[in-house]
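# The sequence and its predicted three-dimensional model are supplied below.
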Amino acid sequence: MNIKVGREAVAEASKTLSNWGRWGKDDQIGTLNHITPENIVDAAKLVRTGKVFALGLPLDANGPQNGLFGGRFNPIHQMLATGTDALAGRQDWNNLRYADDTIMLCVQGATHWDALGHIFYEDKAYNGFDAKLIDARGLGVLGIEHSKDKMVGRGVLLDIPRMRGLDWLPDGYGISNDELDQCAKQQNVEIRPGDFVIVRTGHMERCISEGQWGGYAGGDAPGVKFENCYWCQDKKIAAICTDTWGVEVRPNETTGPDQPNQPWHWVVIPAMGLCMGEMFFLKDLAADCAEDGVYEFFFCGAPLIIPGGTGSPLNPQAIK
């Protein structure tokens, strides 16, 4: 597809690809409706070796946030009670020696899901819900809690840099729909309705290899092109996930003043209700898939139940 990306393209895609009312006027889970019980049963049959791959980043001070976007910060971990407290006799009053702690974090600061109330198109959120329903008390609609038992099914990895013979894709590399299809064909894997499609760019691995996050969380990055919103709708996938901060290519394909920032987001969340996962750690899974040639697996990525949350941190699992 050859799309001139701007406000007109966003408006056209939002109208053409809208899923408002598709699953009822009160629907709050969007494309997760594509997952059927049969899909989950079939996905469970993909577990053959018992190998488990954790796809989440550590929740610590060494994370990717450096202030480039929205004041997000890396997790802050603090101890409430320690072994040194116990040895100093500070816990003897309780007749129990223990360790305890707390963590403060941004729900979208590391590996996470975006909730469907995360992005608005003009004054509306997904399924026509008014943006005013999302206020300082949290998301009155479309919060992450609605997907608490929905993030499970068949996962498929599309390893774009490995197909290209690269360790990772360069910043600003836009992945086309044809390239996604070519990758699936080369890996001998089919994209099916209800799938969790995980796209590897190698961007996270580059940052880890270089020992610095740089502009990872808000700067330039490889990612899918704007046209991908049509691909996701056509394939009827449940969710799309990547190893990048924002899934879509940066710099964005928009040009000129007053153009949408993150235009793909403008369509896929508020118009389509497409679920997306960001900052997935894919190195180990990708290496194993390349070794055994199996790019499908049982996927489980349950979010934390955060009522009114704009997203949720998680440690998703790929099981082969």
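Good, I have the coordinates. Residues are numbered from 1 along each chain as shown.

# going forward, measure contacts and count neighbours with C-alpha atoms only.
Noted.

# Please parse the chain into its domains.
Using automatic domain parsing, the domain parsing of the chain gives 7-70+108-319, 75-105.

# in the helix or strand hosting residue 185, what's buried?
In the assignment (DSSP states H and E), residue 185 maps to helix 177-186. By 16 or more other Cα atoms under 10 Å, the buried positions in helix 177-186 come out as 177, 180, 181, 183, 184.

# tell me which strands and helices that helix is in contact with?
Where contact means 3 or more Cα pairs under 8 Å, 6 or more residues apart in numbering; DSSP states H and E, helix 177-186 is packed against strand 152-159, helix 160-163.

# hmm, who's touching the shortest one?
Helix 160-163 is touched from outside by 167, 168, 169, 179, 180, 183, 186, 199, 200, 201, 202, with contacts defined as Cα atoms under 8 Å, 6 or more residues apart in numbering.

# mind redoing it with 6 Å?
Contact partners of helix 160-163, identified using Cα atoms under 6 Å, 6 or more residues apart in numbering, comprise 168, 169, 201.

# Tell me the confidence at residue 296?
Listed pLDDT for residue 296 reads 98.

# check contacts around it.
155, 156.

# hmm, try it at 10 Å
43, 46-47, 154-158, 187-191, 195-197, 289, 318-320 (Cα atoms under 10 Å, 6 or more residues apart in numbering).

# Check residue 208 too.
64, 202.

# helix/strand/coil for it?
helix (DSSP: H, G, I helix; E, B strand; the rest coil).

# And residue 288, by the same measure?
helix.

# count of neighbours near it?
15 (other Cα atoms under 10 Å).

# Which element, helix or strand, includes residue 26?
Using DSSP H and E, residue 26 falls within no helix or strand.

# lowest-confidence helix or strand of this structure?
helix 83-87 (a mean of 91; mean pLDDT, DSSP states H and E).

# I'd like to know which of the domains of the chain has the weakest mean confidence.
domain 75-105 has the lowest average pLDDT among the domains of the chain, namely a mean of 92.

# what comes up buried for that one?
By neighbour count with 16+ other Cα under 10 Å, domain 75-105 contains the buried residues 75, 81, 82, 91, 97, 105.

# Let me have the residues you listed in JSON lines, extended by secondary structure and distance to residue 211.
Shown next, in JSON lines, are those (DSSP: H, G, I helix; E, B strand; the rest coil; distance: Cα to Cα, whole Å):
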{"residue": "75", "secondary structure": "coil", "distance to residue 211": "19"}
{"residue": "81", "secondary structure": "strand", "distance to residue 211": "32"}
{"residue": "82", "secondary structure": "coil", "distance to residue 211": "31"}
{"residue": "91", "secondary structure": "coil", "distance to residue 211": "40"}
{"residue": "97", "secondary structure": "coil", "distance to residue 211": "38"}
{"residue": "105", "secondary structure": "coil", "distance to residue 211": "22"}
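
# that older thread, in ChimeraX, how would I select the buried members of the contacts of residue 296?
The buried subset of these, as determined by 16+ other Cα under 10 Å, is captured in ChimeraX by this line:
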select :43,46,47,154,155,156,157,158,187,189,191,195,196,197,289,318,319,320
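
# I'd like the secondary structure assignment at the spatially most central residue of the chain, please.
Closest residue to the average C-alpha location of the chain: residue 277 at 0.9 Å, with Cα atoms, centre = their mean. At residue 277 the chain is in strand, as set by three-state DSSP.

# give me every residue that touches it.
Per Cα under 10 Å, 6+ apart, neighbours of residue 277: 108, 111-115, 196-198, 239-247, 301, 311-314, 316.

# what about stretch 54-70, start to end distance?
Taking Cα to Cα, to the nearest Å as the measure, stretch 54-70 stretches 27 Å from start to finish.

# And for stretch 212-228?
First-to-last residue span, stretch 212-228, Cα to Cα: 29 Å.

# Buried ones in that stretch, by neighbour count?
Buried residues in stretch 212-228 (16+ other Cα under 10 Å): 213, 215-218, 220-228.

# again, but for stretch 12-23
Residues 13, 14, 17, 18, 19, 20 are the ones in stretch 12-23 that count as buried (16+ other Cα under 10 Å).

# So which of the residues you listed belong to helices?
Mapping those onto helices (DSSP state H) picks out 13, 14.

# Distance to residue 128 for the buried residues of stretch 12-23 - can I get that in JSON lines?
Listed next are the buried residues of stretch 12-23 as JSON lines, based on distance: Cα to Cα, whole Å:
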{"residue": "13", "distance to residue 128": "16"}
{"residue": "14", "distance to residue 128": "12"}
{"residue": "17", "distance to residue 128": "14"}
{"residue": "18", "distance to residue 128": "10"}
{"residue": "19", "distance to residue 128": "10"}
{"residue": "20", "distance to residue 128": "7"}
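
# and which of the buried residues of stretch 12-23 is nearest residue 273?
residue 19 (6.9 Å; Cα to Cα).

# dump the residue contacts of that closest one.
Per Cα under 10 Å, 6+ apart, neighbours of residue 19: 27, 30-31, 126-128, 233, 268, 270-274.
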